[in-house]
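Chemist: Curious how this folds, go ahead:
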Amino acid sequence: MSERSQPASPRRRDLARKAGVVAHSPTLTTAAAWLGALAALIATGPAQLAQLQDLLRQALRSTAQAEGATEVAAEVAAAPRVSAALLAVASLVLPVVAAAAVAALGAHLAQARAFWIPRRAVPGAPAWPRGAGARSAGGLWALVRAAALLVAGVGWLFVSAPQVAALAPGAGPRAAALGACAALLSSSLLVLAATWVALGALELVGRALALAAASRMTAAETRREQREQGGAVAAWRARAGRAGSAAPAPLGSTSLGLEEATLVVLGDSEAAAVVWEPRRAPEPQIALTRRGVGVSHVLALARQGGVPVIRAPQLARQLVEAGGAAVPPLARAPLAELVVAVHGRRAASSLAARR
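Modeler: All right, here's what the predicted structure looks like:
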């Protein structure tokens, strides 16, 4: 197998995104959901739990009072309390679920730059490693996660030993025990979330390194991509040349035949350079024609070479549509008038210069 010593090209990275080969950590997304849920629980949990506790107390008190009432009356009296309890539970659960979903979505978008990651085969795109090596790496990563969670759990128990001792029967009043239980629950969830965040960050770094290694290219792949890009540029230039009747030469080039042109006839979207010197060329000749984008190049070269430019749309169209080197007979009369006008202006300017 060839050595992948060349960095990934922008085209290969784009193909990787289209194939869904992106650095993404599900563990980090899960950790973000945990943190969002904890934040919502800390923000809204105490008030909602107190409300739910009051509802439960009212329900127990009403049950004790309604022991002598009929079954129908007890059900009618309990219905509002059940509805209130369900609303309290919903007001406690829904913010937590919504915060977890928003946090998970934000983490996913930050990693994948898209709402969903496609899974499709794209020719030329890199792929994640497969086979025995990939399975071994997956098993090793599972062991690392289990070890990290075990270490975090043991560390949490070691640090929280006094709070755990406060939960022993007879260790203190019930209110203190409930407070210690809530503190232990919150700290355990925070430790779990922090551990999951660290594991997710480690997984994301590993995925990014694996993606960089898979996206690297061999020298042969780099040369082939350069040839393909060169062919695409050549095809674009050919299409541009067909749109302008020929590919325009670069500015300053003398290959267009403007060095001996008598004048350039300009139309709306076409131009024709004509050579007509009675001593050199008794018959008028069309040096070149251009349409579309090529007209601007002809005008620039004409200005650089001092070739006169005359606007005559109908004559320019006739010269361009002639498709040959000879000027059509019907176009010679109007062309002769333009040539005479040009030579007349030149003679007048030279006479004024001598005076």
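
Chemist: Show me the shaky parts of this protein.
Modeler: Low-confidence segments of the chain, defined by pLDDT under 70, are located at 1-2, 45-85, 88, 164-183, 227-259, 277-282, 323-324, 343-355.

Chemist: just the strands in it please.
Modeler: 263-266, 270-275, 285-291, 309-311 (DSSP state E).

Chemist: among those strands, which is nearest residue 24?
Modeler: Across those, residue 24 has its closest neighbour in strand 285-291 (50.8 Å, CB to CB). For the C-beta atoms, the positions are set from N, CA and C on the backbone; glycine is no exception.

Chemist: how far off strand 270-275 does that closest one point, in degrees?
Modeler: 160 degrees (axes from the mean of the first three to the mean of the last three CA atoms, to 10 degrees).

Chemist: Neighbours of residue 7, how many?
Modeler: Residues contacting residue 7 under the criterion other CB atoms under 10 Å number 12.

Chemist: hmm, I was thinking of residue 115
Modeler: Around residue 115 there are 8 residues (other CB under 10 Å).

Chemist: for residue 163, same thing?
Modeler: Residue 163: 14 surrounding residues under other CB under 10 Å.

Chemist: Repeat that for residue 137.
Modeler: Around residue 137 there are 13 residues (other CB under 10 Å).

Chemist: ok, now the one 5 residues further on?
Modeler: Under the neighbour criterion other CB under 10 Å, residue 142 is assigned a count of 10.

Chemist: Ok, residue 12 next?
Modeler: Residues lying near residue 12 (other CB under 10 Å) number 20.

Chemist: tell me the phi and psi of residue 268?
Modeler: Phi and psi for residue 268, reported as degrees, to the nearest 10, are phi -70, psi -40.

Chemist: surely it meets residue 313?
Modeler: Yes. The pair residue 268 and residue 313 qualifies as a contact (CB atoms under 8 Å) at a distance of 5.1 Å.

Chemist: Between those two, tell me which one has more neighbours.
Modeler: More crowded of residue 268 and residue 313, by other CB under 10 Å: residue 313, with 13 against 10.

Chemist: For that one, which non-adjacent residue is closest in space?
Modeler: residue 267 (4.2 Å; CB to CB, 6 or more residues apart in numbering).

Chemist: one step back: of the strands of the chain, which approaches residue 225 most closely?
Modeler: Of the strands of the chain, nearest to residue 225 by CB to CB is strand 285-291, at 33.8 Å.

Chemist: which helices and strands sit right next to the closest one?
Modeler: Judged by 3 or more CB pairs under 8 Å, 6 or more residues apart in numbering; DSSP states H and E, strand 285-291 is in contact with strand 270-275, helix 294-305, helix 313-322.

Chemist: tilt between it and helix 313-322?
Modeler: Going by the same axes, to 10 degrees, strand 285-291 makes 100 degrees with helix 313-322.

Chemist: what angle separates strand 285-291 from helix 294-305?
Modeler: Using the same axes, to 10 degrees, the direction of strand 285-291 lies 130 degrees away from that of helix 294-305.

Chemist: then strand 285-291 to CSV, C-alphas only?
Modeler: What follows is strand 285-291, C-alpha atoms only, in CSV (Å, rounded to 0.1, in the frame of the first residue of the first chain):
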residue,chain,number,x,y,z
GLN,A,285,-9.2,40.9,-45.0
ILE,A,286,-10.8,40.0,-41.6
ALA,A,287,-8.0,39.5,-39.1
LEU,A,288,-10.2,38.2,-36.3
THR,A,289,-13.7,38.2,-34.9
ARG,A,290,-15.0,37.9,-31.4
ARG,A,291,-18.3,37.5,-29.7
